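1. Sequence and predicted model, in that order:
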Amino acid sequence: MIYPALAKGPYKIPGVHDKDCKRLFGLILRPASWSASTVYSVRAEDDYDVVMPSVFTGLYYKVIAPGKSGALEPAWIATVAGQTVDGTTGLTWEAVAYNLMPVSESISSVVCTPTNNVVLSGDSNTAGTLQFMIEPLPAAAIAAGSFEIDCLITKNNAEKVAVTLKFKVGER
């Protein structure tokens with residue numbers, strides 16, 4: 001999921017969390033830089049890879065047709081909604097106006113607290129993203145039909161941003 005770093009939650013996570021499975025979730029506050037010879041994917045309408053060009057232009061790029069990036073960084077289109085073809089496998093990017101965490105800021109720490117006895121594991125935070133694994137759900141979360149995860153993100157400038165993620169529990 002991609003969300004503006006300074007926007008206020010709560011954020012609803014699309015889809016339904018299967019109560020019996022582990023699920024990895026990530027929150028992107030600033031995309032990673034483009035990489036050569038890398039497979040980029042579209043997993044769902046609202047779940048796709050995103051990148052920043054090596055030279056910041058005020059745009060980031062989302063995959064609209066999956067494929068493998070070329071050996072050299074493409075000449076990025078500089079128009080919102082414009083498309084850039086990358087490599088020879090059909091990988092296509094769409095330009096998006098940059099409204100995420102400023103490039104001069106980064107995440108220094110994240111503390112996530114779930115409700116309804118939900119257990120998080122495998123958390124990993126980078127300078128611009130946070131992710132965590134949600135373990136199979138306990139009875140309290142199943143009975144409630146939903147749960148939340150409150151995340152307190154501290155940036156390198158000591159600014160704190162509170163984000164609440166809301167999940168619905170159900171069957172696929």
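-> Arrived safely, thanks for sending.
2. Who are the packing partners of the strand or helix carrying Ser124?
-> Applying DSSP states H and E as the criterion places Ser124 in strand 120-125. Judged by 3 or more C-beta pairs under 8 Å, 6 or more residues apart in numbering; DSSP states H and E, the packing partners of strand 120-125 are strand 107-114, strand 129-134. From N, CA and C alone the C-beta is placed, and that goes for glycine too.
3. Among those strands, single out whichever gets nearest to Arg30.
-> Ranking the helices and strands packed on strand 120-125 by proximity to Arg30 (C-beta to C-beta) places strand 129-134 first, at 7.4 Å.
4. Check which helices and strands that closest one is in contact with.
-> Against strand 129-134 (3+ C-beta pairs under 8 Å, 6+ apart) you get strand 23-28, strand 107-114, strand 120-125, strand 146-155.
5. so which of the ones you listed is the most packed in?
-> Highest mean neighbour count of the helices and strands packed on strand 129-134: strand 146-155, a mean of 18 (counted as mean count of other C-beta atoms under 10 Å).
6. CA-only coordinates of that one in PDB, if you can.
-> Extracted in PDB, the C-alpha atoms of strand 146-155 (Å, rounded to 0.1, in the frame of the first residue of the first chain):
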ATOM      1  CA  SER A 146     -11.800  -6.700  12.400                       C
ATOM      2  CA  PHE A 147      -8.700  -5.400  14.100                       C
ATOM      3  CA  GLU A 148      -6.500  -2.400  13.900                       C
ATOM      4  CA  ILE A 149      -2.700  -1.800  14.000                       C
ATOM      5  CA  ASP A 150      -1.600   1.600  15.400                       C
ATOM      6  CA  CYS A 151       1.900   2.500  14.100                       C
ATOM      7  CA  LEU A 152       4.000   5.400  15.500                       C
ATOM      8  CA  ILE A 153       6.500   6.400  12.800                       C
ATOM      9  CA  THR A 154       9.500   8.500  13.900                       C
ATOM     10  CA  LYS A 155      11.400  10.200  11.100                       C
END
